[in-house]
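**Q** Sharing a model prediction with you, sequence too.
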Amino acid sequence: MKYLAGNLQASVAVLFPVCRWLADTDQVHYGVAKAALRPESLVQGGDDALLATFRVGRDIGLFSRHGASLRTPDQDALWALSEAPRSQRDSWYTDPLKFRRMVRGVLLAKAVDDVVQNETPSDVAVGLAWLLAQDPARPPAASYSDGPERAFVDQNLKSFITTPEQWRGFIRWALALGCATQLSASGGRKYVLPDPTAAITEELPAIQPGGLPAKQFCAAVAKSLPVLDGGIIADYTRKQDINSARPVSDLTIGPAFSFALQRLASGETIELLTESDAADRVSGRLYGQIWTFDRVALTNGGSHD
């Protein structure tokens, strides 16, 4: 399903109140939800963003849709919160970051299932994989015509993000899911920094006091965040371009993954340790330099909560 085409206005910001409201109801007609979430006395204009969010939420498994038949329009159907998010409501009600983690998890899990079943993953998932393959030292421009459009054409990804409006919608998703930050340079030009630090922080694997071998750590992170190097969606996106599908080095992780790990280390969340035995060594590139580490440990400030 394309989230950036017919459902461009869907967003995490709308998903949160919709999930909270549906958590306290059984199956409910869309019109009732619309009246409660967008009361006409307070909100003007159409309900495009709400309806698009319902559709995307259903595709990623947050909502279930019930109607007389498959042809029943979404506006005439009954809707309910799915069992999985309903069972987690007590945690994400009190912590929007946990809600973000849940949304990111189900969105990426749906994309992985699509790849495994030889179907096309969502444009948002592919866009995240593309963004996190970019170098933070040369971040993509926030303006679609100032680089991203040509990059998508050159890498055979133009069908996923086609217009400036879709690119802006994608940036909104990337920021909301903790995979990017936005930068402003001199002259007012803006850039999208590929920075998965927040997402990795929320998906840190269990690390025992003795630490975790570097390869095992990166594999666990890529399983939770398959848009990162070594993940299923990252591999799918890379293989869309026959040139980039060929390995070009022995590097394990790229600049964006490296950037996030270095930020976590400098922020005293994790320690990146080197050892004499290189059996589990991970190599990466950041700012044009190769760097390596063999083990990851939590610092005193690190936490899995």
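**A** Okay, I see it. None of the values given here were measured: they were computed from a predicted structure.

**Q** now F63, nearest residue through space, not along the chain?
**A** G57 (4.3 Å; C-beta to C-beta, 6 or more residues apart in numbering). The C-beta positions use only the backbone N, C-alpha and C, and glycine is treated the same way.

**Q** pretty sure that neighbour is in a strand, no?
**A** No: using DSSP: H, G, I helix; E, B strand; the rest coil, the secondary structure at G57 is helix, not a strand.

**Q** ok, it to L70 distance?
**A** 18 Å (C-beta to C-beta, to the nearest Å).

**Q** And F152, by the same measure?
**A** 33 Å.

**Q** out of those two, which sits in the busier spot?
**A** Neighbours per residue, other C-beta atoms under 10 Å: of F152 and L70, the larger number sits with F152, 20 against 7.

**Q** Secondary structure element for the more buried one, which one?
**A** helix 148-154 (DSSP states H and E).

**Q** Can you get me a residue count around S11?
**A** Neighbour tally, S11, other C-beta under 10 Å: 18.

**Q** With T94 instead?
**A** T94, neighbours per other C-beta under 10 Å, totals 9.

**Q** what does whatever helix or strand W92 lives in rub up against?
**A** Element membership for W92, per DSSP H and E: helix 89-93. With contacts defined as C-beta atoms under 8 Å, 6 or more residues apart in numbering, helix 89-93 is touched by C19, R20, A23, P85, K98, F99, M102.

**Q** same check, this time on stretch 207-217
**A** Against stretch 207-217 from outside (C-beta under 8 Å, 6+ apart): 205, 220, 252, 270-273, 279-282, 293-298, 302, 304.

**Q** Show the average pLDDT along that stretch.
**A** Average pLDDT, stretch 207-217: 93.

**Q** Shouldn't G284 be within a strand?
**A** Yes: under three-state DSSP, G284 falls within a strand.

**Q** what about the residue nearest to it when sequence neighbours are not counted, distance to V18?
**A** Setting aside the residues directly before and after it, G284 is nearest to S258 in space (C-beta to C-beta, 6+ apart), at 3.8 Å. Per C-beta to C-beta, S258 is found 36 Å from V18.

**Q** shaky segments in the stretch 151-300 of the chain?
**A** 186, 242-250 (pLDDT under 70).

**Q** What are the boundaries of the strands in it?
**A** 180-184, 190-194, 212-213, 270-273, 282-286, 289-293, 295-298 (DSSP state E, counting those that start in this stretch).

**Q** before we move on, back to that, and for the helix holding F152, what's in contact with it?
**A** For helix 148-154, using C-beta under 8 Å, 6+ apart, the contacting residues are W130, P140, A141, L157, K158, F160, I161, W167, D241.

**Q** Next, the buried residues of that helix.
**A** P148, E149, F152 (16 or more other C-beta atoms under 10 Å).

**Q** Can you tell me which of those residues is nearest D74?
**A** Of all the buried residues of helix 148-154, D74 sits closest to F152, with 29.5 Å by C-beta to C-beta.

**Q** just the helices in the stretch 1-150 of the chain please.
**A** 12-22, 30-37, 48-59, 83-87, 89-93, 96-116, 123-131, 148-154 (DSSP state H, counting those that start in this stretch).

**Q** Now a PyMOL select for only the buried ones of the contacts of stretch 207-217.
**A** Buried subset of those, written as a PyMOL selection, criterion 16+ other C-beta under 10 Å:
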select buried, resi 205+220+252+270+271+272+280+281+282+293+294+295+296+297+298+302
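
**Q** sorry, back to before: the contacts of helix 89-93: which two are farthest apart?
**A** A23 and K98 (13.9 Å).

**Q** Who are the contact partners of R20?
**A** R89, Y93.

**Q** Report pLDDT for it.
**A** 93.

**Q** What separation is there between it and L273?
**A** 42 Å.

**Q** if you count what's nearby, which of S258 and V18 comes out ahead?
**A** Neighbour count, other C-beta under 10 Å: between S258 and V18, S258 has more, with 25 against 20.

**Q** thought the more buried one was touching Q289?
**A** No: the pair S258 / Q289 is not scored as a contact, 9.5 Å apart, by C-beta atoms under 8 Å.
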